[in-house]
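Visitor: have a look; sequence and predicted model below, questions after that.
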Amino acid sequence: MPELPEVETTRSGIAPHIEQQGIEQVVVRDTRLRWPVPAELAQLAQGRTVLAVTRRAKYLLLALDNGNLIIHLGMSGSLRITQSGLPPEKHDHIDIAFAGGKCLRFRDPRRFGCLLWSQQNPLMHPLLASLGQEPLDDCFSGEYLHQRAQGRSIPVKTYIMDQHIVVGVGNIYANEALFLTGLHPLVPAKAISPQHFRQLAAAIKSVLSLAIAQGGTTLRDFVNEAGKPGYFQQALNVYGRNGQACNRCGTTIRSLRISQRSSFFCPLCQNGR
Ligand SMILES: [Zn+2]
């Protein structure tokens with residue numbers, strides 16, 4: 001599944017090709033995404049200009065001069081820049097062709113993604129309005145995490161994966177950030193010290209930034225015709241390493257289910273709170 005780093009890399013990969021470019025044609029081959037693609041999409045977008053490509057959580061926002069496109073990649077979606085006129089493959093559901101001959105192509109085999117139109121500020125769209133802080137923004141901090149954790153008994157891992165608190169901390173990143181912080185994933189959020197929350201916020205920023213930086217090297221995957229979305233290979237300390245030795249202390253990595261998600265931790269390194 002595309003996580004926040006893949007979405008951010010997609011944003012930075014496609015933006016230079018389509019910002020300030022005029023939309024010549026919109027072709028929708030299949031409207032049956034997670035929510036139906038608006039029937040009037042071509043009418044709304046053709047002849048308009050893409051002013052900016054931004055991201056909020058895992059949503060990509062294309063600001064046109066008359067409204068906004070909200071795109072989510074779902075479980076298996078990808079966006080690529082191709083040349084206009086390149087024959088579509090089976091799961092290429094939407095093409096947005098630009099005057100300069102480039103085309104933004106949306107592929108989604110499982111069709112859990114979406115492409116929606118918003119006339120108003122997209123940040124106020126029902127899907128986006130109640131989202132928590134962006135982890136890479138300066139305002140996301142240990143103080144913020146500590147403040148919002150007051151009175152909350154849920155496990156810290158569930159807490160940092162709550163999209164109403166902070167967006168884009170997927171399962172891999174939550175596991176890895178907790179390892180770096182030395183926190184057991186089951187510690188109640190309210191029991192964690194301000195000091196540990198500061199370290200946790202820094203670790204979340206660190207694991208996500210590293211993934212985005214690594215994504216930069218595979219950027220061409222998002223802008224060539226044949227490319228499939230590349231999921232970033234990271235050197236992982238705990239995720240998926242159940243039964244293997246901890247890289248730091250040699251203790252056997254353990255796993256358990258928390259909120260229906262696999263959780264991995266080192267019993268020796270992760271005993272703080
Ligand atoms: Zn360890």
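Guide: Arrived safely.
Visitor: OK, contacts around the residue nearest the centre of the chain?
Guide: In the chain, the residue lying closest to the centroid (Cα atoms, centre = their mean) is Leu4, at 2.1 Å. By Cβ atoms under 8 Å, 6 or more residues apart in numbering, Leu4 lies in contact with 57-58, 135, 167-170, 173, 208. C-beta here means a position set from N, CA and C on the backbone, and glycine is covered the same way.
Visitor: I'd assumed Val166 was in contact with Pro135.
Guide: Yes: look at Pro135 against Val166 with Cβ atoms under 8 Å: they come within range, at 5.3 Å.
Visitor: shared neighbours, the two?
Guide: Common neighbours of Pro135 and Val166, using Cβ under 8 Å, 6+ apart, are Ile204.
Visitor: can you give me the helices in the stretch 1-150 of the chain?
Guide: Taking DSSP state H, counting those that start in this stretch as the criterion, the stretch 1-150 of the chain carries its helices at 4-18, 41-45, 142-148.
Visitor: pick the most deeply packed of the ones you listed.
Guide: Scoring those by mean neighbour count under mean count of other Cβ atoms under 10 Å gives helix 4-18 as the most buried, with a mean of 21.
Visitor: for that one, what is the distance to the chain centroid?
Guide: 11 Å (Cα atoms, centre = their mean, to the nearest Å).
Visitor: start and end of stretch 70-78, how far apart?
Guide: 14 Å (Cα to Cα, to the nearest Å).
Visitor: ok, residues contacting it?
Guide: 1-2, 6-7, 10, 33-34, 58-62, 79, 106-118, 122, 125, 127-128, 222, 228-229.
Visitor: roughly how far is that stretch from the heart of the chain?
Guide: From the chain centre to the centre of stretch 70-78 is a distance of 9 Å (Cα atoms, centre = their mean).
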